[in-house]
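*Asks:* Got a sequence here, can you build the structure:
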Amino acid sequence: MSNPGVIKLVRNKYGNHVFWIDDNIGESIHIHLDQFRVDLTVNEFLELANDLESVLNYLFQDKGIDVRTIDSRFLNYQLEQILDISEVAQGRAKLSEMIVFDDLGACRLPDSERVRFLENGMCCMKYKERESNFWSQTNMFRMKEVLSLIRSKGYPFNDEFIMIEKDRHLILDGWHRAACLYYLYGDIEVPVQFVSMNVQSESYKRFLPINELKKDSNLILYGAGQNGKNYKNQIMRFGYNLTVWCDKNANELIEIDGIKIDQPSVIKKRAYDYVVVSVMDHSIQEEIKSELVNNYGVELQKIIFA
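*Replies:* Below you'll find the model as predicted:
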């Protein structure tokens, strides 16, 4: 008898490659990578999953990480960052101090779209229907699942702690848990795993280095590319004053989101506390640093790089 149905368990893209897993009911589990396919029984599939888990735990054993306590979506997308972890330590942190990313870039947890989504009765259709992970759960389903788990089992459950980058309180794993805890109990202090990183990856350079900026600072933002737009949003959300947004292509850009883009030469005419450079390429950063110091008289300690 042929299989009566097929259930797609997982589907994801890795660069130009497509990966997916099908449960062919009554037949076998099919693991696909483009045109390549492996057929496994259910028991063989579970054994493979356990073996992969054991291998990952072996790789991370010196870091104090148990992959069984990490959200699989984070493990899938941020494996490179996990390999850059140098140390994991237990600690406590207030929810309001935690930083998350959403569509507009980084923000404090209470201002995030996840918390707003909960406070508004989960009625934002754009966020509600968006997929939360690679097995097609929506944010609505995921939020309800996490809320129910915290209400019935508490936090942490099964040693699944919110994982935070130590220096910046940036949440690496546990965004939904943090949002649900804030929604249910307000700004409480909770146990977390603090993570120290060996290397700052390109993805984390998308975060405005607020630990280097004094509160209510007057900022000049250099660079109006994609990361410049990301930094502009964060400058506004974290309450800094954007006095100038400049870029060498100002004549072509003119303005973005209603904000005029100036030539860098305007820096000499404005008062500021810091010049934040959004360009992430290190070789170009050196050119910009030289330009800021030699052409516009910016003091080195006032230049902040991504």
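*Asks:* Every contact and neighbour count from this point should use C-alpha atoms.
*Replies:* Fine.
*Asks:* How about stretch 34-54, which residues are buried there?
*Replies:* Residues of stretch 34-54 classed as buried: 39, 40, 45 (neighbour count, 16 or more other C-alpha atoms under 10 Å).
*Asks:* The closest residue to the second one other than its chain neighbours: which element?
*Replies:* If you skip the residues right next to it in sequence, residue 40 has residue 29 as its closest partner in space, 5.1 Å away by C-alpha to C-alpha, 6 or more residues apart in numbering. Using DSSP states H and E, residue 29 sits within strand 28-33.
*Asks:* Which positions in that strand come out as buried?
*Replies:* For strand 28-33, a neighbour-count test (16+ other C-alpha under 10 Å) marks 28, 29, 30, 31, 32 as buried.
*Asks:* related to what we said a few turns ago, contact partners for the residue nearest to residue 40?
*Replies:* Taking C-alpha atoms under 8 Å, 6 or more residues apart in numbering as the contact definition, residue 29 lies against 21, 22, 23, 39, 40, 41, 42, 45.
*Asks:* cutoff 6 Å now
*Replies:* 22, 23, 39, 40, 41 (C-alpha atoms under 6 Å, 6 or more residues apart in numbering).
*Asks:* now do residue 216
*Replies:* For residue 216, the contact set (C-alpha under 6 Å, 6+ apart) comprises residue 240.
*Asks:* Would you verify that it is located in a helix?
*Replies:* No: counting by DSSP: H, G, I helix; E, B strand; the rest coil, one finds residue 216 to be coil, located in no helix.
*Asks:* ok, now how distant is it from residue 207?
*Replies:* Residue 216 sits 18 Å away from residue 207, going by C-alpha to C-alpha, to the nearest Å.
*Asks:* got it, and residue 145?
*Replies:* From residue 145 to residue 207 the distance is 29 Å (C-alpha to C-alpha).
*Asks:* more crowded one of those two?
*Replies:* residue 207 (22 against 12; other C-alpha atoms under 10 Å).
*Asks:* What pLDDT does the model give the more buried one?
*Replies:* Note on residue 207: pLDDT of 82.
*Asks:* Could you report the separation of it from residue 192?
*Replies:* Relative to residue 192, residue 207 is positioned 20 Å away (C-alpha to C-alpha).
*Asks:* Residue 262 now?
*Replies:* Per C-alpha to C-alpha, residue 262 is found 43 Å from residue 192.
*Asks:* ditto for residue 10
*Replies:* Distance of residue 10 to residue 192, computed by C-alpha to C-alpha: 29 Å.
*Asks:* Who has more neighbours out of those two?
*Replies:* Higher neighbour count among residue 10 and residue 192: residue 192, with 21 against 15, using other C-alpha under 10 Å.
*Asks:* sec struct for the more buried one, please.
*Replies:* strand.
*Asks:* And the residue most central in space within the chain, how far from residue 160?
*Replies:* In the chain, the residue lying closest to the centroid (C-alpha atoms, centre = their mean) is residue 101, at 5.1 Å. Taking C-alpha to C-alpha as the criterion, residue 101 is separated from residue 160 by 20 Å.
*Asks:* try residue 249
*Replies:* To residue 160, residue 249 is 47 Å away according to C-alpha to C-alpha.
*Asks:* Same question for residue 10.
*Replies:* Noted for residue 10: a distance of 22 Å to residue 160, by C-alpha to C-alpha.
*Asks:* Ok, residue 176 next?
*Replies:* 12 Å.
*Asks:* ok, now residue 63?
*Replies:* Going from residue 63 to residue 160 by C-alpha to C-alpha gives 16 Å.
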